[in-house]
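In: Sequence plus predicted model, see below.
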Amino acid sequence: MNIQSAAKDMGLIHSTIYSMPSLLAMIKKMTGQREESFILEKEVKAQGWKPFESRIAAFYLEKKMRGEYPKKEDTKILKEILEFEDQLSSFSIAGYSRSFQLGMYYKLWSIESKDLDASFQGNPMIGKEHTLELIRLTGSRVLQVDYLYIVLQHLGTYLGVDKVKYHLENGEDYFSLYDLLDRDLKESLIHNLLTYSASIDDKEFFLPLEL
């Protein structure tokens with residue numbers, strides 16, 4: 001969702017949230033409003049979309065971490081995610097939440113997953129400075145900064161950051177680096193990209209595959 005557009009068009013926010021009943025129910029619980037008095041547009045406009053988004057994320061994360069919803073959400077729980085979003089801001093297009101979305105995905109991944117790839121055991125944002133170093137070599141902002149981050153994170157882990165950096169500095173593209181992976185690593189990268197794409201309901205990611 002483009003936050004800048006959504007801020008001007010409440011219809012976009014309304015249709016997105018009301019298309020997901022479980023999310024809508026959680027938001028109602030978070031606001032403490034009775035069914036008959038709940039007005040989504042009023043809640044969002046009172047705070048602004050970005051603060052409202054953070055409240056939703058914090059409320060959901062606390063449920064995942066503690067097994068029950070808090071009486072009041074504490075956005076301090078988002079510190080690591082917001083720092084991650086800020087670090088990617090120089091490489092992403094303003095108005096979108098893709099870096100925040102990826103940070104949430106990684107945070108939930110670290111909470112829920114038990115059998116992760118050994119390279120990403122625990123919190124996948126640990127060691128992110130190496131991936132950020134590789135992203136800096138792109139020299140431009142991209143809309144899908146989340147996919148770029150995932151690809152470079154995997155390439156850096158599988159091939160080594162120095163090797164990836166060397167190839168990128170010499171003008172080689174990501175496909176050339178992908179070809180350096182063996183079959184198992186290629187499948188692992190594609191599997192993790194598809195898993196992420198499915199988790200955020202990004203149907204456009206599948207279109208170019210022509211399966």
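Out: Good, I have the coordinates. Numbering: from 1, shown residues only.
In: What sits closest to the residue nearest the centre of the chain if chain neighbours are left out?
Out: Among the residues of the chain, the smallest C-alpha distance to the mean C-alpha position (Cα atoms, centre = their mean) belongs to residue 102, namely 1.5 Å. Once flanking residues are discounted, residue 102 sits nearest to residue 146: 4.0 Å by Cβ to Cβ, 6 or more residues apart in numbering. Quick note: C-beta positions are derived from backbone N, CA and C, even for glycine.
In: With residue 148 instead?
Out: residue 142 (5.5 Å).
In: how much space is there between the one you found and residue 98?
Out: Counting by Cβ to Cβ, to the nearest Å, the gap between residue 142 and residue 98 amounts to 9 Å.
In: shared neighbours of the two, anything?
Out: The contact sets of residue 142 and residue 98 overlap at residue 92 (Cβ atoms under 8 Å, 6 or more residues apart in numbering).
In: Distance from the chain centre to the helix or strand that contains the residue nearest to the centre of the chain, please.
Out: Under the assignment given by DSSP states H and E, the secondary-structure element containing residue 102 is helix 98-112. Per Cα atoms, centre = their mean, to the nearest Å, the displacement of helix 98-112 from the mean C-alpha position of its chain is 6 Å.
In: What are the contacting residues of the helix or strand just after it?
Out: Toward the C-terminus, helix 98-112 is succeeded by helix 128-135 as the next helix or strand (DSSP H and E). Helix 128-135 is touched from outside by 84, 87-88, 91, 145, 148-149, 152-153, 155-156, 161, 164-165, 168, with contacts defined as Cβ under 8 Å, 6+ apart.
In: For the host helix or strand of residue 150, report the contacting residues that lie outside it.
Out: Assigned by DSSP H and E, residue 150 falls within helix 145-159. Outside helix 145-159, the residues within contact range by Cβ under 8 Å, 6+ apart are 88, 91-93, 98-99, 101-102, 119-120, 124, 128, 130-131, 134-135, 138, 142, 164, 174, 177-178, 180-181, 185, 188-189, 192-193, 196, 205.
In: Show me which of these are buried.
Out: 88, 91-92, 98-99, 101-102, 120, 124, 128, 130-131, 134-135, 164, 177-178, 181, 185, 188-189, 192-193, 196, 205 (16 or more other Cβ atoms under 10 Å).
In: could you measure the spatially most distant residue from the centre of the chain against residue 101, distance?
Out: Centroid-distance maximum for the chain: residue 36 at 33.2 Å, with Cα atoms, centre = their mean. Using Cβ to Cβ, residue 36 is found at 32 Å from residue 101.
In: repeat for residue 37
Out: Counting by Cβ to Cβ, the separation of residue 37 from residue 101 is 30 Å.
In: Also residue 58?
Out: Using Cβ to Cβ, one obtains 15 Å as the distance from residue 58 to residue 101.
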